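Participant: Starting from these lines, generate the structure:
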Amino acid sequence: MLVVSWISLYNNLTSEDYSDYYNLTEDDFSPHNTNNIKAFSRVFLPTIYSIVFIVGLIGNGLVLCVLVKYQKRSNISDVCLFNLALSDLLFLLSLPFWAHYAAITQWVFGRFMCHAVTALYMLGYYGSIFFMMLMTIDRYAVIVHTHTSLLSKNWSVRAIIALILFTWTLSLVASLPTIIFSKATKLNITNQCMCIVEYPNLKWRLFFYIELNILSLIIPLSVMVFCYSRIITILMSMKSQKKHKAVRLMLVLVSVFFIFWTPYNIVIFLKFLYQLVYINTGQWYQDLNMAIQWVESIAFTHCCLNPIIYAFVGQRFRNLFLKILKEWFPLCFGQCPIIESECSQRMTTMYSCSSVTDQSQNI
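Facilitator: So this is what the prediction gives:
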């Protein structure tokens, strides 16, 4: 449970608890320093979480509506896109609880909800990353190994279901330690209830940091760089006028993932070093707790961009999106063909990777 672990960390700690463990002085944990972080968190975190929740809920909800309503075929790309949006929605559903927790610095939803909200958060977190990797591998297999790959458009329904269940199982396995060790507990001093992740020892906490770095940055970024670099090489060898637009889209995919997730993972790694007492000053403690709030908020907004990057930039999906808007809001979109035409013209400069797949097979 990443969001609240940082909040509860400096809500729970006293100078007596951690000065011996980290060899810090009482001045390092002065009330003035911790109160500044708490005051900032009470305003900043609920605001950011609320914005991300609303924007992400609308975007990913529309993706699910379009796929359920119009996509009758069972192909691996659309199924992955559906589960990516579903993962983002699970993640987003946890944010209102964390926003409330950050605002009042107290958990009021009980023990069961502490585990349940943590499960939503972690399953959505890892599910989103794993399904992005699966979509990347699928595109790589179809374009680079068009004739020999098992990953093709001839997937059976059973094979697709098995692959999706396997991906969700991996997400659950990666999330289990955090879900199991999360607990709602009362502080002895203030009698406030907190939802925290309480690992049995330091080794488990270090494992948690390393797991995050490996599964949320190193592996997915390596997969994206390898696959898209090979795809770009294939596309550049083709005689297609649209290949440059497809290449730009892939560069955007990798760049957005790198920009949004790298700062967060860097701070996580610094937390890892802090636990090993390589950097053990009180100022580092304060700076890391402040930094994690900024980089975590930046990383969270990635789930708002997923619908735009993976769905709405595609011509086929965009047409279905405009179609559903005309059905739901006929007075506006049904009588505004000019707006629809302008939106279509503006978005034709970018193509979804599913379109890239179709182009590569036809060339």
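Participant: Give me the pLDDT for the residue lying closest to Tyr121 once chain neighbours are set aside.
Facilitator: Excluding its sequence neighbours, the residue lying closest to Tyr121 (C-beta to C-beta, 6 or more residues apart in numbering) is Ser94, at 4.0 Å. Every C-beta, even on glycine, is put in place using the N, C-alpha and C of the backbone. The score at Ser94 is 94. That number is its pLDDT.
Participant: next one: Cys80
Facilitator: Taking Cys80 on its own, its pLDDT is 90.
Participant: Report the contact partners of it.
Facilitator: Taking C-beta atoms under 8 Å, 6 or more residues apart in numbering as the contact definition, Cys80 lies against 131, 134-135, 138, 164.
Participant: Rank these by pLDDT and give me only the lowest.
Facilitator: Within the contacts of Cys80, pLDDT is lowest for Asp138, at 87.
Participant: burial count for that one?
Facilitator: 25 (other C-beta atoms under 10 Å).
Participant: what's the answer for Asn306, then?
Facilitator: 23.
Participant: That one touches Ile129, doesn't it?
Facilitator: No - the pair Asn306 and Ile129 fails to qualify as a contact (C-beta atoms under 8 Å) at a distance of 10.7 Å.
Participant: before we move on, the earlier item: nearest to Leu273 among the contacts of Cys80?
Facilitator: Nearest to Leu273, judged by C-beta to C-beta, of these is Phe131 at 30.7 Å.
Participant: and that closest one, how far is that from Leu81?
Facilitator: 8 Å (C-beta to C-beta, to the nearest Å).
Participant: Just the buried residues of stretch 112-130, please?
Facilitator: 114-130 (16 or more other C-beta atoms under 10 Å).
Participant: ok, now stretch 245-264?
Facilitator: Residues of stretch 245-264 classed as buried: 245-247, 249-250, 253-254, 257, 260-261, 263-264 (neighbour count, 16+ other C-beta under 10 Å).
Participant: Reformat the residues you listed into JSON lines and put distance to Ile54 next to each item.
Facilitator: Conversion of the buried residues of stretch 245-264 to JSON lines gives the following (distance: C-beta to C-beta, whole Å):
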{"residue": "Lys245", "distance to Ile54": "31"}
{"residue": "Ala246", "distance to Ile54": "32"}
{"residue": "Val247", "distance to Ile54": "33"}
{"residue": "Leu249", "distance to Ile54": "26"}
{"residue": "Met250", "distance to Ile54": "29"}
{"residue": "Leu253", "distance to Ile54": "24"}
{"residue": "Val254", "distance to Ile54": "27"}
{"residue": "Phe257", "distance to Ile54": "23"}
{"residue": "Phe260", "distance to Ile54": "19"}
{"residue": "Trp261", "distance to Ile54": "22"}
{"residue": "Pro263", "distance to Ile54": "23"}
{"residue": "Tyr264", "distance to Ile54": "21"}
